[in-house]
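> Please find the sequence and the predicted model below.
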Amino acid sequence: MYRIGICDDEKEFCAELENLVRTYAERETICLETEVFHSGEEFLKYITINEPLDLLFLDIELCGMDGVEVGQKLREKVENETTQIIYVSSKESYAMQLFQIRPLDFLTKPVNMEKVSKVMAEYKRLFIDRNVFFTYNIGKSTYRISENEILYFQCEGKKIHVITTKGIREYYGKMADIEKQISMNKFCVVHKSYIVNINYVSEFCPDMVVMCNGIRLPISQSMRKKVREKILEWNMNGRG
């Protein structure tokens, strides 16, 4: 079950967009439920006491707190990197302001089935069809985590720390075994002790990466060429 949010102060628009999203879901046999909010304040109050939404259609020109501020608070104050944002606006001049919020896409008003289908298909391609799981063992028990929730792996001696959007998991293992299992179009080895999910990197520097949660991880001297090539490949082919 996927949970989709719509945040816009125009009630008629919310109803229209909700109908289009539901029509797309029925056509693609995607099981989802929708939540509608008529202000940024209402959405932020909801998200602090409920499970994160999977996808949020967020109007930029909201009355009161605008959509840019709502997105910033969602990422920085609520520390939510799980909810994918599709910004909605009648204008097209917000690209630079939205960069740090890392939206999935941008939808211009008025909306129609073609526009909604395009952005929903992109979400489906990235987060539904590719929802691959990483598995690990502790004793005789097997656990799994969606790759989409993993920020990075850290090796400390024989212990592996898996830093996710929902906390940290730990087990004993080897980085070499992780590399064999994960989707390498989505992850990048930056150091013998670190493997990062490229989708959660906010900045690549010559000697380090800055993760979306502010953590800085080193890029080893021996890996810098490969990391540069990986970034170039990623930029050319789109998100992993």
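That came through fine.
> On the C-terminal side of the worst-scoring helix or strand of the chain on mean pLDDT, identify the next helix or strand.
Within the chain, no helix or strand scores below helix 95-98, which has a mean of 59 by mean pLDDT, DSSP states H and E. Toward the C-terminus, helix 95-98 is succeeded by strand 105-108 as the next helix or strand (DSSP states H and E).
> helices or strands next to that following strand in the packing?
Contacts defined by 3 or more C-beta pairs under 8 Å, 6 or more residues apart in numbering; DSSP states H and E place strand 105-108 against strand 84-89, helix 113-123. C-betas here are computed from N, CA, C, even on glycine.
> Compare these and give me the one nearest residue 154.
strand 84-89 (24.9 Å; C-beta to C-beta).
> ok, residues contacting the closest one?
The list of residues contacting strand 84-89 from outside it, by C-beta atoms under 8 Å, 6 or more residues apart in numbering, reads 8, 17, 54-61, 67, 71, 74, 94, 98, 101-109, 111, 119, 123, 127.
> re earlier: between the helices and strands packed on strand 105-108, which one is closest to residue 31.
Going by C-beta to C-beta, the one of the helices and strands packed on strand 105-108 nearest residue 31 is helix 113-123, 13.8 Å.
> Helix or strand next in line after the closest one, which one?
Next along the chain after helix 113-123, taking DSSP H and E as the criterion, comes strand 133-138.
> and that next one, which strands flank it?
strand 141-146 (antiparallel) (DSSP bridges).
> So which residues of the chain form helices?
Per DSSP state H, the chain carries helices over the ranges 11-27, 40-47, 67-76, 95-98, 113-123, 175-181, 224-237.
> Looking at the ones you listed, which one is packed in the most?
Ranked by average neighbour count under the criterion mean count of other C-beta atoms under 10 Å, the helices of the chain are headed by helix 67-76 at a mean of 20.
> How far away from the center of its chain is it?
14 Å (C-alpha atoms, centre = their mean, to the nearest Å).
> Which other helices and strands does it contact?
Using 3+ C-beta pairs under 8 Å, 6+ apart, helix 67-76 is in contact with helix 40-47, strand 55-59, strand 84-89, helix 95-98.
> lowest-confidence stretch among those?
Mean pLDDT values for these show the minimum at helix 95-98, a mean of 59.
> where does this structure dip in pLDDT?
Filtered on pLDDT under 70, the chain yields the residue ranges 93-100, 130-131, 234-240.
> close enough to count as contact, residue 51 and residue 5?
No - assessed by C-beta atoms under 8 Å, residue 51 is found out of contact with residue 5, at 11.5 Å.
> So for the two, which sits in the more crowded spot?
residue 5 (20 against 8; other C-beta atoms under 10 Å).
> Any figure for the gap between that one and residue 221?
44 Å (C-beta to C-beta, to the nearest Å).
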